[in-house]
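*Asks:* Provide a 3D model corresponding to the input given below.
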Amino acid sequence: QVQLVESGGGLVEAGGSLRLSCTASRRTFNNFRMAWFRQAPGQEREFVASINWSGRNTNYARSVTGRCTISSDSAKNTVYLQINRLRPEDTAVYYCATGNIVDTSTQVSYWGQGTQVTVSS
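*Replies:* Sure, this is the predicted structure:
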């Protein structure tokens, strides 16, 4: 069992930035990827970004490409999501996730509890 704990969410004005953190209780398998998803009220959970533990392979959703940077610190079992130029439509609960495949929410093996990000206009 792997526990994921997110932090860093909050209320921010449009145009601002946030850095979310996710720390795993233990190192996952080397072939597991770490990912961020988000879910806005009344909407499905959607993929935001993913990374492997070496940090060399990243993937981003089109909606955040150019505004988000995902990074990993394998020594701390922690991944980060830097979001810049925040928009009101970025308002959602952001979830950390891990699994062998994390392209969609149905493929994730473990989820964190989520952290709320609210962007005011």
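*Asks:* SS state for residue 80?
*Replies:* Look at residue 80: counting by DSSP: H, G, I helix; E, B strand; the rest coil, its state is strand.
*Asks:* quick one: it and residue 7 touch, right?
*Replies:* No - under the criterion of Cβ atoms under 8 Å, residue 80 makes no contact with residue 7, lying 10.3 Å away. (Glycine included, C-beta is placed from N, CA and C.)
*Asks:* comparing the two, which residue is more hemmed in?
*Replies:* Higher neighbour count among residue 80 and residue 7: residue 80, with 18 against 14, using other Cβ atoms under 10 Å.
*Asks:* read off the pLDDT value for the nearest residue to the more buried one once chain neighbours are set aside.
*Replies:* The shortest distance from residue 80 to any non-neighbouring residue, by Cβ to Cβ, 6 or more residues apart in numbering, is to residue 71 (4.9 Å). If you check residue 71, the pLDDT there is 96.
*Asks:* and residue 94, by the same measure?
*Replies:* pLDDT for residue 94: 98.
*Asks:* one more: residue 27?
*Replies:* The model reports residue 27 with a pLDDT of 75.
*Asks:* ok, it to residue 1 distance?
*Replies:* Residue 27 sits 13 Å away from residue 1, going by Cβ to Cβ, to the nearest Å.
*Asks:* so those two - more neighbours on which side?
*Replies:* Counting neighbours by other Cβ under 10 Å for residue 27 and for residue 1 shows that residue 27 has the greater number, 12 against 5.
*Asks:* so in terms of bridging, what pairs with the residue nearest the centre of the chain?
*Replies:* Centroid-nearest residue in the chain, with Cα atoms, centre = their mean: residue 36, separated by 2.2 Å. Beta-bridge pairing for residue 36 (DSSP bridges): residue 49, residue 96.
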